[in-house]
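# Build me a model:
(one chain, ligands or ions: 1)
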Amino acid sequence: MVHGLSAAGLGRPDYGKALEQHAAYVEALRGCGLAVIVLEADEDYPDSVFVEDTAVLSENTAVITRPGAASRRGEEKSMALALAEFYPKLGRVLAPGTLEGGDVMRAGDRFFIGLSGRTNPTGAQQLAAILQRHGYETVLVPLLKVLHLKTGVSCLGDNRLLACGEFLAQPLFSSFDVIPVPAEESYAANSLRVNDRVLVPAGFPRTRQAIEHAGYETIALDVSEFRKLDGGLSCLSLRF
Ligand code: CIR
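Residues are numbered from 1 along each chain as shown. Down below sits the predicted model:
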């Protein structure tokens with residue numbers, strides 16, 4: 001992972017520290033009541049720890065993505081093998097479509113799909129068609145600045161979003177209650193609701209307080225080494 005893609009300008013991750021942070025993340029998920037399967041490291045792909053980008057999952061659908069970053073193309077192969085155990089059939093995003101799971105945010109039975117530098121309209125439409133066939137509603141969201149949709153907005157459930165920057169004024173989100181994330185805490189816009197709790201990145205007290213004020217119990221986790229590679233809490237797992 002020390003060779004992963006990075007635009008954050010925060011330096012290279014410390015591998016030992018990243019392993020510790022990853023272990024704490026896994027423990028936190030277990031503490032929230034989840035069973036966690038930790039996959040083997042895939043040494044061919046330095047960004048493969050960000051497993052969220054390789055698939056989009058729901059109760060009855062699993063779609064294997066086709067990452068938009070050339071260096072990440074192929075990460076999805078080991079994820080397809082892992083998921084074949086749980087889903088009888090896997091859908092696929094096919095060339096020339098590209099899509100990364102970080103661009104997909106579920107809110108109830110609606111999936112918002114970001115059109116980003118990584119997810120092109122063809123990929124987004126392919127995913128939307130599969131999800132619609134399974135009864136979900138889909139909404140495409142054009143992105144302006146952020147890497148992925150969920151870099152700047154997360155759904156906490158209960159019709160509530162945590163949002164920052166370009167998403168604060170996004171009309172597609174106007175029916176939600178939005179907890180605004182201040183610009184200097186933008187990294188915390190990627191927080192993760194897991195059962196009764198919300199995992200938040202450590203070091204962003206205003207956002208944590210706002211989430212608690214809205215009635216959620218939070219768990220702060222230090223993910224500094226993953227932040228150096230532009231990845232957040234949601235990117236490190238696929239929940240299903
Ligand atoms: C990348 O640029 O693809 C990785 N360094 C970070 C991916 C983060 N994933 C996510 O937001 N879902």
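# burial of the closest residue in space to L161 that isn't next to it in sequence, as a residue count?
Leaving aside its sequence neighbours, L161 sits nearest to F176 (Cβ to Cβ, 6 or more residues apart in numbering; 4.6 Å). Backbone N, C-alpha and C define where each C-beta goes, glycine included. Neighbour count of F176, defined by other Cβ atoms under 10 Å: 18.
# Let me see the backbone angles for F176.
Main-chain dihedrals, F176, degrees, to the nearest 10: phi -100, psi 160.
# Just confirm it contacts G157, I think it does.
No: taking contacts as Cβ atoms under 8 Å, F176 lies outside contact range of G157: 10.8 Å.
# Quick one: the helices in this structure, in order.
15-31, 75-84, 121-133, 149-152, 205-213, 224-227 (DSSP state H).
# pLDDT (mean, whole number) over the fourth one?
Here the mean pLDDT over helix 149-152 is 98, rounded to a whole number.
# picking that back up, most tightly packed of the helices of the chain?
Ranked by mean neighbour count under mean count of other Cβ atoms under 10 Å, those are led by helix 149-152, which reaches a mean of 26.
# if we can go back for a sec, distance to L192 for the helices of the chain - can I get that in a markdown table?
Shown next, in a markdown table, are the helices of the chain (distance: least, Cβ to Cβ, whole Å):
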| stretch | distance to L192 |
| --- | --- |
| helix 15-31 | 9 |
| helix 75-84 | 19 |
| helix 121-133 | 21 |
| helix 149-152 | 9 |
| helix 205-213 | 11 |
| helix 224-227 | 13 |
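# Those: which one's closest to P180?
Of all the helices of the chain, helix 205-213 sits nearest to P180, with 7.8 Å by Cβ to Cβ.
# any idea of the mean pLDDT in that closest one?
98.
# cool, stretch 84-92 as well?
Stretch 84-92 shows a mean pLDDT of 97.
# For E212, see how far away N195 is.
Going from N195 to E212 by Cβ to Cβ, to the nearest Å gives 16 Å.
# repeat for V36
According to Cβ to Cβ, V36 and E212 sit 25 Å apart.
# What's the local residue count around P96?
The number of residues packed near P96 is 8, by other Cβ under 10 Å.
# for the residue in the chain positioned nearest to the ligand, what are its contacts?
Closest contact between the chain and the ligand, by Cβ to the nearest ligand atom, is at G102 (2.4 Å). By Cβ atoms under 8 Å, 6 or more residues apart in numbering, the contact list for G102 reads 50, 52-53, 118, 147-151, 234-235.
# Mind checking which of those residues are buried?
50, 52-53, 118, 147-151, 234-235 (16 or more other Cβ atoms under 10 Å).
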